[in-house]
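Undergrad: No sequence on hand, only this structure:
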DNA sequence: GCAGTTTTTTGATGCCCATCAATACCCTGC
DNA sequence: GCAGGGTATTGATGGGCATCAAAAAACTGC
């Protein structure tokens, strides 16, 4: 997932670095014409769509290193919303310039395509999660996914703070917020996690993996 | 969605045109290294993943004009399976050559990125469907989606044959096959559709749109 | 620290849809 | 035409989770 230094230098010249955002600020809204895509440097961004009836469906919680706005390239107009869930630092990448660069930077071009391919793959996994798994399994998989992503960033993968509410977790996973709350309590009672408010300690990874339907390596 | 003639000519030179496939033939399987992506010329392809427990989750039914295999670019290995549901004609597009071409063909490059962006968007819509809609709404949306896609290919959008079984529809929509069957019957009784086996006539588009949660234009 | 708001927890109830079961239908090959 | 397997329909039952409800806890700004 690395680019040659020279290519990074090029890229650095076009990104509008250091756009600080407060909690609640919008990166973009559905319907806006797409000027840039955005790379998250710090913080957390949620993306969501709004159904015809007006209720929101969260499509992702995005952590540093991830890119949002890729769904807008097709129509050149954003189909979704992106909102900062915490204070965040965002790199704005003008799409026109990025596209020009991909012509002369094969590494960047392949990287772009890979990132999009990965996003397609991730969404397929989410599809499987939502279609075939019950509430337990969904929440377990969700916690493990967060854990792994925090870990990849050098943070603790066993202890972290949820940036999202129970309601937002439920919305994302297709569960009622009460169900999420109940399951958190249950996982706590069962010794799988320690949860106090938004603070999560994962105590038994193996059991969680088991629950999530990813049999742990040792069995 | 069109390319300049010159670019099409280039593309034509690399595609392995006219690969006929019988019902049940595999285009690729999960785990295989990704050599090519595939454009569907005629027929119907289903893509699916297999969960750790071994049951399949259908991720899409693909009609002519669509491209499958894009989820493999990231890891250069297919994460999913693709199987012909009917006799089909498939264009095999060697990915290495395609990538080379995108360097010198800006139109092709943008087209590729657009196609991937669209796929991301489509999967987000599916996410919304599965998370927020009940069985009625899912099936209505499914039928309308098929209808629109057939229509776009010049076939009738109000009368078509399902290439997939009730079981496959249910698998895709996260419903039991019995639920799909019951709802088909219900829609029939209610005069929304006429269904005889795999043959579908859509009688009342407005009502279906209403059900699917897409308010029809006239209200 | 306190009032007001948002978020979370926990309980009670009920409905949607999965599951089980049995029959009917369709299709293919001989 | 008939046998056999796959597919579809329809009914009965139950469970998982949504929904409603209310209270507790946490956070906010002043």
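TA: Great, that's in hand. Here the structure is a predicted model, which means the values were calculated and not measured. Numbering: from 1, shown residues only, chains lettered A, B, ... in the order given.

Undergrad: Tally up the residues packed near residue A:151, please.
TA: Here the number of neighbours of residue A:151 (other CB atoms under 10 Å in any protein chain shown) works out to 13. Glycine gets a C-beta too; all of them are placed from N, C-alpha and C.

Undergrad: Distance check, it against residue A:42.
TA: Distance of residue A:151 to residue A:42, computed by CB to CB, to the nearest Å: 17 Å.

Undergrad: Residue A:62 too?
TA: Distance from residue A:62 to residue A:42, counting by CB to CB: 12 Å.

Undergrad: the more surrounded of the two?
TA: Just comparing residue A:62 and residue A:42: by other CB under 10 Å the higher neighbour count belongs to residue A:62, 22 against 14.

Undergrad: Surely that one touches residue A:43?
TA: No: counting by CB atoms under 8 Å, residue A:62 sits too far from residue A:43 to count as a contact (9.2 Å).

Undergrad: for chain A, longest helix please?
TA: helix A:106-132 (DSSP state H).

Undergrad: Now it: average pLDDT?
TA: Helix A:106-132 shows a mean pLDDT of 92 in the predicted model.

Undergrad: now what about whichever helix or strand comes after it, what contacts it?
TA: Using DSSP states H and E, the helix or strand that directly follows helix A:106-132 along the chain is helix A:135-152. Taking CB atoms under 8 Å, 6 or more residues apart in numbering or on different chains as the criterion, the residues outside helix A:135-152 that touch it are A:61, A:63, A:65, A:129-130, A:133, A:156-158, A:160, A:162, A:169, A:172-175, A:179-180, A:183-184, A:187, A:192-193, A:200, A:202, A:205, A:208-209, A:211-214.

Undergrad: Buried residues in the longest helix of chain A, which are they?
TA: For helix A:106-132, burial by neighbour count (16 or more other CB atoms under 10 Å in any protein chain shown) applies to A:108-109, A:111-113, A:115-132.

Undergrad: Keep only those of those residues that are also close to chain B.
TA: A:109, A:112-113, A:115-121, A:123-128, A:130-132 (CB under 8 Å from any CB of the partner chain).

Undergrad: quick one: the strands in chain A?
TA: When secondary structure is read from DSSP state E, chain A shows strands at A:16-21, A:26-28, A:36-42, A:45-50, A:56-62, A:67-68, A:81-84, A:88-94, A:159-161, A:193-196, A:199-202.

Undergrad: Residue A:211: what's its closest spatial neighbour, skipping adjacent residues?
TA: With sequence-adjacent residues excluded and distances taken as CB to CB, 6 or more residues apart in numbering or on different chains, residue A:211 is closest to residue A:140, at 3.9 Å.

Undergrad: coming back round to it: need the strands of chain A in JSON lines with mean pLDDT and distance to residue B:77, can you?
TA: Output for those, formatted as JSON lines (pLDDT from 0 to 100; distance: least, CB to CB, whole Å):
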{"stretch": "strand A:16-21", "mean pLDDT": "80", "distance to residue B:77": "34"}
{"stretch": "strand A:26-28", "mean pLDDT": "95", "distance to residue B:77": "32"}
{"stretch": "strand A:36-42", "mean pLDDT": "92", "distance to residue B:77": "26"}
{"stretch": "strand A:45-50", "mean pLDDT": "95", "distance to residue B:77": "27"}
{"stretch": "strand A:56-62", "mean pLDDT": "95", "distance to residue B:77": "24"}
{"stretch": "strand A:67-68", "mean pLDDT": "94", "distance to residue B:77": "22"}
{"stretch": "strand A:81-84", "mean pLDDT": "96", "distance to residue B:77": "30"}
{"stretch": "strand A:88-94", "mean pLDDT": "92", "distance to residue B:77": "28"}
{"stretch": "strand A:159-161", "mean pLDDT": "94", "distance to residue B:77": "30"}
{"stretch": "strand A:193-196", "mean pLDDT": "94", "distance to residue B:77": "33"}
{"stretch": "strand A:199-202", "mean pLDDT": "95", "distance to residue B:77": "29"}
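
Undergrad: show me the contacts for the residue most central in space within chain A.
TA: Nearest to the mean C-alpha position of chain A, counting by CA atoms, centre = their mean, stands residue A:62 at 2.8 Å. Applying CB under 8 Å, 6+ apart to residue A:62 gives the contacts A:40, A:44-47, A:68.

Undergrad: Mind doing that once more with 6 Å?
TA: The neighbours of residue A:62, taking CB atoms under 6 Å, 6 or more residues apart in numbering or on different chains as the test, are A:40, A:45, A:68.

Undergrad: No more questions from me, cheers.
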